[in-house]
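[1] pasting the structure only:
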């Protein structure tokens with residue numbers, strides 16, 4: 001599915017039996033290959049080094065960022081209140097996001113939450129549907145673009161930087177060569 005961005009998660013997966021029982025385990029980099037050989041119970045006997053083909057499509061996009069105005073992508077993860085996957089910082093920073101255009105008037109912001117964020121928040125009764133609608137209205141009124149459903153690689157080409165706590169985006173953004181800020185959750189310690 002994506003790169004492991006937390007050594008703790010990767011370590012737990014390597015030490016767990018599941019990846020030792022699959023016929024083939026495909027991995028992306030020589031770094032993950034080393035971790036597999038060092039940590040997996042069967043020392044990588046079932047792995048295949050493939051690269052990360054998902055990002056091959058990124059090369060078709062030319063950077064279209066507007067040099068007069070920077071555009072920053074904000075991508076919160078869906079794992080609000082999930083103890084087994086504590087990546088999301090959205091509940092800590094959600095009030096700041098609509099204020100960003102006032103704080104930084106020369107920057108455009110794009111809000112692209114993980115597709116599961118609001119559904120998970122409603123399901124787990126973190127926010128009601130009305131609170132979610134109110135928040136999206138607040139985002140819109142602040143002048144922040146709300147992005148859903150488009151090819152996010154195209155969005156990567158249009159933006160100048162990213163602020164996120166989303167695991168796979170952290171490493172996929174590295175392919176752009178542009179600045180990025182991973183907002184670390186203290187619960188990952």
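    That came in fine, so what should we check first? Source: prediction; values computed, not measured.

[2] all contacts plus neighbour counts: C-alpha atoms, from now on.
    Fine.

[3] mind listing the strands for this protein?
    Applying DSSP state E to the chain gives strands spanning 25-27, 47-49, 70-75, 107-111, 145-146, 161-164, 180-182.

[4] so can I have TSV of those showing distance to residue 90?
    Listed next are these as TSV, based on distance: least, C-alpha to C-alpha, whole Å:
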stretch	distance to residue 90
strand 25-27	30
strand 47-49	34
strand 70-75	9
strand 107-111	12
strand 145-146	15
strand 161-164	9
strand 180-182	12
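
[5] May I see those strands organised as CSV, with mean pLDDT, mean neighbour count and distance to residue 61 added?
    Formatted as CSV, those follow (pLDDT from 0 to 100; neighbours: other C-alpha atoms under 10 Å; distance: least, C-alpha to C-alpha, whole Å):
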stretch, mean pLDDT, mean neighbour count, distance to residue 61
strand 25-27, 84, 16, 25
strand 47-49, 90, 15, 26
strand 70-75, 96, 20, 16
strand 107-111, 97, 20, 18
strand 145-146, 96, 15, 20
strand 161-164, 94, 21, 16
strand 180-182, 89, 15, 19
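
[6] Residue 154 is nearest to which of the ones you listed?
    Residue 154 sits nearest to strand 70-75 of all the strands of the chain, at 12.0 Å, using C-alpha to C-alpha.

[7] ok so, going back, of all the strands of the chain, which lies closest to residue 16?
    Of all the strands of the chain, strand 25-27 comes closest under C-alpha to C-alpha, at 13.7 Å.

[8] so what strands line up beside the closest one?
    Applying DSSP bridges, strand 25-27 is found paired with strand 47-49 (parallel).

[9] Pull the residues that contact the partner strand.
    Applying C-alpha atoms under 8 Å, 6 or more residues apart in numbering, the contact partners of strand 47-49 are 24-30, 33, 36.

[10] Looking at those residues, which is nearest residue 46?
    Nearest to residue 46, judged by C-alpha to C-alpha, of the contacts of strand 47-49 is residue 24 at 4.9 Å.

[11] Give the full set of residues in contact with the spatially most central residue of the chain.
    Nearest residue to the geometric centre of the chain (C-alpha atoms, centre = their mean): residue 166, 2.4 Å. Residues near residue 166 by C-alpha under 8 Å, 6+ apart: 75-77, 87-88, 114, 182.

[12] how about those in JSON lines, adding distance to residue 48?
    Putting the contacts of residue 166 into JSON lines (distance: C-alpha to C-alpha, whole Å) gives the following:
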{"residue": "75", "distance to residue 48": "31"}
{"residue": "76", "distance to residue 48": "31"}
{"residue": "77", "distance to residue 48": "29"}
{"residue": "87", "distance to residue 48": "28"}
{"residue": "88", "distance to residue 48": "31"}
{"residue": "114", "distance to residue 48": "29"}
{"residue": "182", "distance to residue 48": "29"}
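
[13] Show me which of these are buried.
    Among those, those that count as buried by neighbour count (16 or more other C-alpha atoms under 10 Å) are 75-77, 87-88, 114.
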